[in-house]
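Asker: Take a look and give me a structure for this.
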Amino acid sequence: MTITLEIQVEELRAELKCSFDSAERRQIEAELELAQAELVVMLAEQDGSIEAQPPF
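Answerer: Below is the predicted model of the structure:
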């Protein structure tokens, strides 16, 4: 799954470079931000620096 997210992040970055419409850029930026956050969390879970379980 990590590779999939890494690929998605790279594809969104490429899309963002080619986008000139401001509405489309905002949408891509939002999707990119979410994908990057998911990737950070996933990597942190893999290396054991955070727990994936909810606190309750």
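Asker: can you pull the pLDDT of Pro55?
Answerer: Pro55 is assigned 66 on the pLDDT scale.
Asker: What of Ala37?
Answerer: Ala37 is given a pLDDT of 94.
Asker: Next: the one 4 residues further on.
Answerer: Predicted confidence (pLDDT) at Val41: the value is 89.
Asker: give me phi/psi at it?
Answerer: phi -60, psi -40 (degrees, to the nearest 10).
Asker: Quick check: it touching Ile50?
Answerer: Yes: using Cβ atoms under 8 Å, Val41 is in contact with Ile50, at 7.2 Å. The way it works is simple: take the backbone N, C-alpha and C, and place the C-beta from them, glycine included.
Asker: Identify the contacts common to these two.
Answerer: With Cβ atoms under 8 Å, 6 or more residues apart in numbering applied, the contact sets of Val41 and Ile50 do not overlap.
Asker: Tell me where this protein is predicted with low confidence.
Answerer: 52, 55-56 (pLDDT under 70).
Asker: got the contact list for the residue positioned nearest the centre of it?
Answerer: For the chain, Ala35 is the residue whose C-alpha lies nearest the centre (Cα atoms, centre = their mean; 1.5 Å). With contacts defined as Cβ under 8 Å, 6+ apart, Ala35 is in contact with 5, 8-9, 12.
Asker: In stretch 19-33, which of the residues would be classed as buried?
Answerer: Of the residues in stretch 19-33, 28, 31-32 count as buried by neighbour count, 16 or more other Cβ atoms under 10 Å.
Asker: Can I get it in PDB, CA atoms only?
Answerer: Provided in PDB are the C-alpha atoms of stretch 19-33 (Å, rounded to 0.1, in the frame of the first residue of the first chain):
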ATOM      1  CA  SER A  19      -2.600  22.400 -14.300                       C
ATOM      2  CA  PHE A  20      -3.400  26.000 -15.100                       C
ATOM      3  CA  ASP A  21      -7.100  26.200 -14.000                       C
ATOM      4  CA  SER A  22      -7.300  27.600 -10.400                       C
ATOM      5  CA  ALA A  23     -10.200  25.500  -9.400                       C
ATOM      6  CA  GLU A  24      -8.500  22.300 -10.600                       C
ATOM      7  CA  ARG A  25      -5.300  23.300  -8.900                       C
ATOM      8  CA  ARG A  26      -7.100  23.700  -5.600                       C
ATOM      9  CA  GLN A  27      -8.700  20.300  -5.900                       C
ATOM     10  CA  ILE A  28      -5.300  18.700  -6.800                       C
ATOM     11  CA  GLU A  29      -3.600  20.400  -4.000                       C
ATOM     12  CA  ALA A  30      -6.200  19.100  -1.500                       C
ATOM     13  CA  GLU A  31      -5.900  15.600  -2.800                       C
ATOM     14  CA  LEU A  32      -2.100  15.800  -2.700                       C
ATOM     15  CA  GLU A  33      -2.200  17.100   0.900                       C
END
